[in-house]
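In: this one's sequence-less:
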């Protein structure tokens, strides 16, 4: 593996994305931050320094994905690590779930993983090396109410991971998924705040309502703990690990 890797992270300016970019930047890798907000990318790149490169990319649009991937290849001649992290949330009962919200969540969190992998795969195959880490969720192996699109997408990510792991193995490409538990990112905080306001629940009362089952550690997972797992899966030390779906969830 090359010493200085070229790393692509989608949803790079969010809570998990930020923790992961900082981890790879600390290792002096070149990190390509992908997000839909130019303003947020500019702020993040300025903070992270010269090894951070920002790219506006809509992971739901094949043309946007293709152009972004080709631009990165033209600039750096390789892609070593791809982290598919972009995610959003919307909660409603099945009968009340708007079709447009269903489609949006599926497009961002499942179709986006497929498109990014589809267009990064040829370069990784040609260089006979690659690490792909897809961010699923504990909801990729369980279900909870009012999250039909999120749960469906995260289950789907595990399926995409397994298929691409089989296809990538002969070319030195490993593909794994990470399944975070309750990480206190802005996405989760918004859900907690909604329950505070609507029902007056405390954080401890609200967390089970967001439909996490009993957790052995009884605490939030830190974004840095997810970043550490992703970083390990991208390393030489994880060269024999592929088609695995690893929970980082504190015992859920």
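Out: Here it is on my side, so go on. Remember, predicted model here, so these are calculated numbers, not experimental data.
In: For the rest of this, base every contact and every neighbour count on C-alpha atoms.
Out: Will do.
In: now for the host helix or strand of residue 161, which elements pack on it?
Out: Using DSSP states H and E, residue 161 maps to helix 148-168. Helix 148-168 is packed against helix 99-106, helix 112-127, strand 130-135, strand 173-180, with contacts defined by 3 or more Cα pairs under 8 Å, 6 or more residues apart in numbering; DSSP states H and E.
In: Pull up the pairing partners for the shortest one, direction included.
Out: When sheet partners are counted by DSSP bridges, strand 130-135 sits next to strand 81-84 (parallel), strand 173-180 (parallel).
In: In JSON lines, list these along with distance to residue 163, mean neighbour count and mean pLDDT.
Out: Shown next, in JSON lines, are these (distance: least, Cα to Cα, whole Å; neighbours: other Cα atoms under 10 Å; pLDDT from 0 to 100):
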{"stretch": "strand 81-84", "distance to residue 163": "15", "mean neighbour count": "27", "mean pLDDT": "98"}
{"stretch": "strand 173-180", "distance to residue 163": "9", "mean neighbour count": "26", "mean pLDDT": "98"}
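In: what is the orientation angle of the helix holding residue 161 with strand 173-180?
Out: 160 degrees (axes from the mean of the first three to the mean of the last three Cα atoms, to 10 degrees).
In: What are the buried residues along helix 148-168?
Out: Neighbour-count burial for helix 148-168 flags 148-162, 164-165, 168 (criterion: 16 or more other Cα atoms under 10 Å).
In: now swap in stretch 44-55 and tell me
Out: Applying a neighbour-count criterion of 16+ other Cα under 10 Å, one finds 44, 45, 48, 52, 53, 54, 55 buried in stretch 44-55.
In: Tell me the one among these nearest to residue 238.
Out: Taking Cα to Cα as the measure, residue 52 is the one of these closest to residue 238, at 24.3 Å.
In: Just give the closest residue to that closest one, not the sequence neighbours.
Out: Take residue 52 and drop its neighbours on the chain: the residue closest to it by Cα to Cα, 6 or more residues apart in numbering is residue 31, 5.0 Å away.
In: tally of neighbours for the one you found?
Out: 28 (other Cα atoms under 10 Å).
In: Would you mind identifying the next helix or strand past the one helix or strand it maps to?
Out: Here residue 31 sits within strand 30-35, counting by DSSP H and E. The helix or strand immediately downstream of strand 30-35 is helix 38-48, counting by DSSP H and E.
In: in its sheet, what does the helix or strand following that following helix sit against?
Out: Going down the chain from helix 38-48, the next helix or strand is strand 52-56, by DSSP H and E. Using DSSP bridges, strand 52-56 pairs in its sheet with strand 30-35 (parallel).
In: who's in contact with the partner strand?
Out: 4-13, 21, 24-25, 41, 51-58, 72 (Cα atoms under 8 Å, 6 or more residues apart in numbering).
In: Mind giving me the PyMOL command for buried ones among those?
Out: To isolate the buried subset of those in PyMOL, counting by 16+ other Cα under 10 Å, use the following:
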select buried, resi 5+6+7+8+9+10+11+12+13+21+24+25+41+52+53+54+55+56+57+58+72
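In: Report the residue spans of the stretch 151-252 of the chain with pLDDT below the cut-off.
Out: 186-188, 191, 195-196, 203-204, 206-213 (pLDDT under 70).
In: That one: helices as residue ranges?
Out: Using DSSP state H, counting those that start in this stretch, the helices found in the stretch 151-252 of the chain span residues 186-199, 203-209, 223-233.
In: bridging residues for residue 81?
Out: Applying DSSP bridges, one finds that residue 81 bridges with residue 7, residue 131.
In: again but with residue 246, I slipped
Out: Those that pair with residue 246 in a beta bridge, by DSSP bridges, are residue 178.
In: What number of residues are in the vicinity of it?
Out: Using other Cα under 10 Å: residue 246 sits among 17 other residues.
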